[in-house]
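**Student:** sequence first, predicted model second:
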Amino acid sequence: MTVLATRLRGFGTTIFAEMTALAQRTGAINLGQGFPDTDGPAEIVEAAVAALRAGHNQYAPATGVPALKTAVAEHQRRRYGIEVDPDEGVLVTFGATEAIAAALLGLCEPSDDVLTLEPYYDSYAATIAMAGGRRRPVTLRPPDFALDPDALAAAITPATRLVLLNSPHNPTGRVLDRAELELIAALCRERDLIAITDEVYEHLVFDGEHIPLVTLPGMAQRTLTISSLGKTFSLTGWKVGWASGPPPLVAAAATAKQFLSFAGGTPLQHAAANALGRADVHGRRLAAELSAKRDRLCAGLEAAGLAVHRPAGTYFVNADIRPLGESDGRAFCWSLPERAGVVAVPTVAFYDDHEAGSHLVRFAFCKRDEVLDEAIVRLRALTPRS
Ligand SMILES: Cc1ncc(COP(=O)(O)O)c(C=O)c1O
């Protein structure tokens, strides 16, 4: 008997949990799930300890601790020139994940189509389904994963009401350029669409620059911008995230959020307020470190015989396994611990169009150099399958 509600059928355990469990079971090096293997900055951890000791241990206000909401508004103004009302224009959430879910639950009607880029971060498909909407993916294709204007136009239907965008983009590492964003903005203006943008990798850009969609003409009143502390500060377990934008969009997400978790993580919110003031400096340093790690892993994957699609941002790289005589990324990833003692993620897990992603495998490079080096040595021993 299947007890799982119909709308969640097909959303079993996430690929990240599956692959991390595989790494634990086999003792393989985990380049699957995207979490750093070093701790976040000591002074931010200390700020959390201080907040715990200072008695910030009860419910936060439902939309977040005021100091963090102010810090988010200041970050948006300082970095991008975006004006956000710190009171009604910011909602603090449990990670970007809850912000995405709250936004969709608060803004998506059951009859709505939601346009996304694919491959997509896996929570998008599940939360669109929970909101009762229908996803309409626009496929990004290697080698550059650029946005194809014809594919974008083809994905629009009379029922499209929302765009759920992610840039810098997981899993491809693509950073959308101004021309691509302008195409999306033009569509939003013409069709009166709401944009929800997931910008959790906003500080982790190596080539080009991150341009928030909300800064394009006509987008300020229709864009809800989402980010979080986890990626920028290597504190993924804290799950402090936020959405910012025009008060009606923020209020819609807040309405849903109050019945998901209401509020919490109060001491971590205080520490995050303290951290965000240093996001630019810290983000620059982390991006420089990650850029070197990207180069290290890309060179290693190439030496192992894979065709690498070099990312401009995030901490993921995709590789094409066909030069090794293989084409099934899932089978490759499941056999990789045994063959090479490494875990990676089959990128096809993030595509509806399986054909487009079946030969791609995603590796995370947010790991210590010695871990990457050991993984590279192991991968170089891979022999092509005849
Ligand atoms: C594109 C994208 N969005 C959202 C998240 C989740 O962010 P958080 O940990 O803040 O919930 C991730 C984490 O991997 C991600 O890659």
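**Tutor:** Nice, thanks for sending it over.

**Student:** every contact and neighbour count from this point should use C-alpha atoms.
**Tutor:** OK.

**Student:** which residues of the chain lie near the ligand?
**Tutor:** Proximity of the chain to the ligand (C-alpha under 6 Å from any ligand atom) is limited to residues 34, 95-97, 121, 170, 198, 200, 228, 230, 236, 239, 241.

**Student:** give the rounded mean pLDDT of the one helix or strand residue 46 maps to.
**Tutor:** Using DSSP states H and E, residue 46 sits in helix 42-53. Per-region confidence: helix 42-53 scores 97 on mean pLDDT.

**Student:** check stretch 10-25 too.
**Tutor:** Average pLDDT, stretch 10-25: 88.

**Student:** and that stretch, what's buried?
**Tutor:** For stretch 10-25, the neighbour count (16 or more other C-alpha atoms under 10 Å) marks 15-16, 19-20, 22-23 as buried.

**Student:** now those in a markdown table, with secondary structure and distance to residue 290?
**Tutor:** What follows is those, written out as a markdown table (DSSP: H, G, I helix; E, B strand; the rest coil; distance: C-alpha to C-alpha, whole Å):
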| residue | secondary structure | distance to residue 290 |
| --- | --- | --- |
| 15 | helix | 23 |
| 16 | helix | 21 |
| 19 | helix | 22 |
| 20 | helix | 21 |
| 22 | helix | 25 |
| 23 | helix | 22 |
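
**Student:** count of residues packed around the residue nearest to residue 215 when sequence neighbours are not counted?
**Tutor:** Spatially, and ignoring its direct neighbours in sequence, residue 215 is nearest to residue 82 (6.9 Å; C-alpha to C-alpha, 6 or more residues apart in numbering). Other residues lying near residue 82 total 17 when counted by other C-alpha atoms under 10 Å.

**Student:** neighbour-wise, which of the residues of the chain next to the ligand leads?
**Tutor:** Neighbour-wise, the residues of the chain next to the ligand (other C-alpha under 10 Å) top out at residue 228, 30 neighbours.

**Student:** sorry, back to before: what distance separates the helix holding residue 46 from the middle of the whole chain?
**Tutor:** 26 Å (C-alpha atoms, centre = their mean, to the nearest Å).

**Student:** which other helices and strands contact that helix?
**Tutor:** With contacts taken as 3 or more C-alpha pairs under 8 Å, 6 or more residues apart in numbering; DSSP states H and E, helix 42-53 sits against helix 266-276.

**Student:** and the buried residues of stretch 10-25 as a markdown table, adding distance to residue 337?
**Tutor:** Below are these laid out as a markdown table (distance: C-alpha to C-alpha, whole Å):
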| residue | distance to residue 337 |
| --- | --- |
| 15 | 15 |
| 16 | 15 |
| 19 | 10 |
| 20 | 11 |
| 22 | 8 |
| 23 | 7 |
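
**Student:** which one of the residues you listed is nearest to residue 108?
**Tutor:** residue 15 (25.5 Å; C-alpha to C-alpha).

**Student:** list the contacts for that closest one?
**Tutor:** Applying C-alpha atoms under 8 Å, 6 or more residues apart in numbering to residue 15 gives the contacts 345, 349.

**Student:** same check, this time on residue 206
**Tutor:** 287-288, 291, 312-313.

**Student:** which of those residues sit farthest apart?
**Tutor:** Taking every pair in these and measuring C-alpha to C-alpha, the maximum separation is 12.2 Å, between 288 and 312.

**Student:** measure residue 270 to the ligand for me?
**Tutor:** Look at residue 270 and the ligand: by C-alpha to the nearest ligand atom, to the nearest Å, they are 16 Å apart.
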